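*Asks:* generate coordinates for the sequence data below:
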Amino acid sequence: MRNTTTMTMAIAAVALGAAAVAVQGQAQSPRGARGPAEHAKVTPINNLPNPYETVRNWGTLPDGRKWGSVSAIHVDKDGKHIWAGDRCGANSCAGSKVDPIVKLDQTGKVVKSFGAGLILWPHGMDVDRDGNVWVVDARSATEAELKQFPDAAGKGHTVMKFSPDGKLLLTIGTPGQAGDPPSKLSEPNDVIVAPDGSIFVAEAHNAQFLDAPGPGAIGRINKYSANGTFIRSFGTFGYEKGEFRGPHALAFDSKGRLFVADRGNRRIQIFDQNGTHLDTWYQFSRISGLFITTDDTLYAIDSESDDNYNPGWRKGLRVGSARTGEVWTFTPEHVSKQASGMGGYGSMGEGVTVDAAGNVYAGEVGPIQGLTKFIPRLKR
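*Replies:* Next up is the predicted model:
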């Protein structure tokens, strides 16, 4: 079966290449710009009330260090502190000796840090009921990074569980090696731990930029037991229900339903914990980050929408109901001389979390980097 799949993918890739040659000279859409047909039926939601005051450059790193890209972010179990995964002042921790995982208090001061030399590209994050910090290291080192920093080898394609004090407790995947479960992962995006301790991991990052099956066309969710034993995978690459193109973020609602930000397909897909597809929502846009509070308020942050990858939609934070799918508010992208972003207009966070007071925090990947805080103007 494995060889047959590989051959089919190779044939598809050749066909795509031939098609590209046939239309040479004509305008071509960027890779990954296609979307499901159902998406075109949804009216873009760009003009709802904005209930937040935006505070840029929130949080101060030790020793005056500058923030790099941040997509991994999560509130601590106390509902007050914020954990974030900084890519070491850049967009990679290759060659860096700083701690990429930091814990900030309510004033934005770092009170704990760990992970130096262990993580190359922090991407997704969860904090379980015991306060353990789960970090996704999404990719391995590039050839250029390895040439300059040989010690960057042996990192990436993993999910790591750390104690609240930074002790490494568990690793899922084989560090530095892409592949398939049960022993390996390929470009994992996010991790989430269910109330019963089950672990869910989403793969794969670059599949969102593919328009058809080919090498690297992986779209799946893996389920593991609390001790990291592989249970099952569900999903495949594609546009249909239960298929994914870059499942980028995960969240549970109060019923235990698993919400998947299927970013390449510009939608949320909802499943039970056995992988049965329950629903598909397009009204929250092309989502990079998801967070659902205990009262089923859904926070969906869109860092990428533009005229190519999500025509008609704006980047921004959309807040609504995980019960009904209604979208209540829209906070638009940051606009400045530094914030050009995808599509040449604005910048918005990629990761999102919410504290017990209702403040929203976003991890910024670029062109703006670091953290942004959104403070409610009025209680809903």
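*Asks:* what about the residue nearest to residue 109 when sequence neighbours are not counted, neighbour count?
*Replies:* Leaving out its chain neighbours, the residue that sits closest to residue 109 by C-beta to C-beta, 6 or more residues apart in numbering is residue 60, at 6.2 Å. All C-beta atoms are positioned from the backbone trio N, CA, C, and that covers glycine. Residues near residue 60, counting by other C-beta atoms under 10 Å, number 16.
*Asks:* do residue 357 as well
*Replies:* Neighbour tally, residue 357, other C-beta under 10 Å: 10.
*Asks:* just confirm it is within a helix.
*Replies:* No. Read with DSSP: H, G, I helix; E, B strand; the rest coil, residue 357 is coil and lies in no helix.
*Asks:* i'd like the first residue to be 8 from this point on
*Replies:* Sure thing, new numbering starts at 8, so read that last one as residue 364.
*Asks:* picking that back up, so what's the residue nearest to residue 116 up against?
*Replies:* Residues in contact with residue 67 (C-beta atoms under 8 Å, 6 or more residues apart in numbering) are 115, 116, 117.
*Asks:* tell me the pLDDT at it?
*Replies:* Looking at residue 67, its pLDDT is 97.
*Asks:* before we move on, what about residue 343?
*Replies:* Residue 343 is given a pLDDT of 63.
*Asks:* closest to residue 335 among the contacts of residue 67?
*Replies:* Of all the contacts of residue 67, residue 115 has the smallest distance to residue 335: 27.2 Å, by C-beta to C-beta.
*Asks:* quick one: contacts for that closest one?
*Replies:* Applying C-beta under 8 Å, 6+ apart, we find residue 115 in contact with 65, 66, 67, 378, 380.
*Asks:* wait, is residue 380 part of a strand?
*Replies:* Yes. Assessed by three-state DSSP, residue 380 belongs to a strand.
*Asks:* any idea how far residue 132 is from it?
*Replies:* Separation of residue 380 from residue 132 (C-beta to C-beta, to the nearest Å) stands at 17 Å.
*Asks:* and the helices in the stretch 58-207 of the chain?
*Replies:* 150-155 (DSSP state H, counting those that start in this stretch).
*Asks:* thought residue 306 was touching residue 358?
*Replies:* No. Taking C-beta atoms under 8 Å as the definition, residue 306 is not a contact partner of residue 358, at 10.7 Å.
*Asks:* and these two? Which one has more around it.
*Replies:* Set side by side, residue 306 and residue 358 show more neighbours around residue 358, with 30 against 25, by other C-beta under 10 Å.
*Asks:* bridged to the more buried one, which residues?
*Replies:* Counting by DSSP bridges, residue 358 forms beta bridges with residue 370.
*Asks:* hang on, the earlier thing: ok, now how distant is the residue nearest to residue 116 from residue 93?
*Replies:* 12 Å.
*Asks:* with adjacent residues omitted, what lies nearest to residue 264?
*Replies:* Nearest non-adjacent residue to residue 264, counting by C-beta to C-beta, 6+ apart: residue 277, 5.4 Å away.
*Asks:* would that neighbour count as being in a strand?
*Replies:* Yes. Per three-state DSSP, residue 277 lies within a strand segment.
*Asks:* confidence score at it?
*Replies:* Note on residue 277: pLDDT of 98.
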